[in-house]
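> could you work out the structure for the sequence below:
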Amino acid sequence: MHQLAFLCVGIYTVMSAVVGVRLVRLYFATRRTPELLMGTAYLAAPACGYPLVVLGPALPSRELGSLFFAAGETGIVLGVSLFFFFNAKVFRARSPLAFAAAGIGSALMALTALEIVRGYLALGPGSTALASVRAASVVLLITLGSGYAWTAIEGGRHVHLMRKRSRWGMGDPVVANRFLLWAIAGTLQVFSAIVAATSLQTGGNMMTDAAPLLATSLVGAFNSALLVFIFIPPAWYTRWLTRAPGGALEAV
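Coordinates of the predicted model:
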């Protein structure tokens, strides 16, 4: 099971890096902030942060493992924080509350990650035995899950709006499908956070136990495919979406 989990982590890492690089390159062509936020978020968290956090406890060297783990947690905090501000910028650009929520979420991620890293430096992979580390991990997962729930809700809301526009002949099936897949990806990540938090609450170790590792990595691998269809849709897929009169809107 661990081998499958590491394979899925590898797939998610590679696809996140590909999408992240593509979005950052797109930013240099368009100078649009959302592309920079999301591209850097994918490079920092799933492409670098998460694999380092998974790899750190597996290394025989305690010092090197701690370095990998701390660097990974830093990448995750940076990536998720950028993800929060992407949500605010794209979906709620005129709402000060949305940007305040993004700031609060980022602060919670940073503070809890500091405690998790502190515990890891002291005890290694067994640090989740510490009540403070366990509590910080649960808060981090709740914050992370809340951010992905925000994504799922906004994606679903925009799918609904696109369906309403389609009645007037203004709906874009490709854009509608992008929002739909975005909502699905967010929902799956919420599920992953719930599995990891449940493992912690029942005395497990989400960094080394097979069940939370596999759940997180399987969701990541599946979302890798969604990333392609959201950000780099193949020509055949776009043709399929636009072939029917209602395109993707008919399938929602």
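> low-confidence stretches in the chain?
1-2, 166-171, 205-208, 210, 244-252 (pLDDT under 70).
> what helices and strands are in contact with the helix of greatest length in it?
Identified as the longest helix of the chain according to DSSP state H is helix 131-166. Here helix 131-166 touches helix 62-91, helix 96-123, helix 173-201, going by 3 or more CB pairs under 8 Å, 6 or more residues apart in numbering; DSSP states H and E. For the C-beta atoms, the positions are set from N, CA and C on the backbone; glycine is no exception.
> out of the ones you listed, which is closest to residue 51?
Closest to residue 51 of these, according to CB to CB: helix 62-91, at 7.2 Å.
> about what we covered before: can I get the helices and strands packed on helix 131-166 in CSV including mean neighbour count?
CSV is the format used below for those (neighbours: other CB atoms under 10 Å):
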stretch, mean neighbour count
helix 62-91, 20
helix 96-123, 18
helix 173-201, 20
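> how about these in JSON lines, adding distance to residue 33?
As requested, the helices and strands packed on helix 131-166 are arranged in JSON lines below (distance: least, CB to CB, whole Å):
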{"stretch": "helix 62-91", "distance to residue 33": "6"}
{"stretch": "helix 96-123", "distance to residue 33": "13"}
{"stretch": "helix 173-201", "distance to residue 33": "18"}
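> which stretch among the ones you listed comes nearest residue 48?
helix 62-91 (4.5 Å).
> what's the closest one packed up against?
Where contact means 3+ CB pairs under 8 Å, 6+ apart, helix 62-91 is packed against helix 33-44, helix 50-55, helix 96-123, helix 131-166.
> the helices and strands packed on helix 131-166: which one's closest to residue 34?
With CB to CB as the measure, helix 62-91 is the member of the helices and strands packed on helix 131-166 nearest residue 34 (5.2 Å).
> and the angle for the closest one with helix 96-123?
With axes from the mean of the first three to the mean of the last three CA atoms, to 10 degrees as the basis, helix 62-91 and helix 96-123 are set at 170 degrees to each other.
> returning to that earlier point: Serialize the helices and strands packed on helix 62-91 to TSV and add fields for distance to residue 179.
Output for those, formatted as TSV (distance: least, CB to CB, whole Å):
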stretch	distance to residue 179
helix 33-44	14
helix 50-55	25
helix 96-123	17
helix 131-166	4
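> do you know which of the ones you listed lies nearest residue 239?
helix 131-166 (18.4 Å).
> about what we covered before: quick check: buried residues in the longest helix of the chain?
133-134, 136-141, 143-148, 150-152, 154-156, 158-159, 162, 166 (16 or more other CB atoms under 10 Å).
> for stretch 230-248, which outside residues touch it?
Stretch 230-248 is contacted by residues 18-19, 22-23, 166, 171, 173-174, 176-178, 180-182, 185, 228-229, 250 when judged by CB atoms under 8 Å, 6 or more residues apart in numbering.
> at 6 Å instead, please
If you take CB atoms under 6 Å, 6 or more residues apart in numbering as the criterion, stretch 230-248 is touched by 19, 173, 174, 176, 177, 178, 181, 250.
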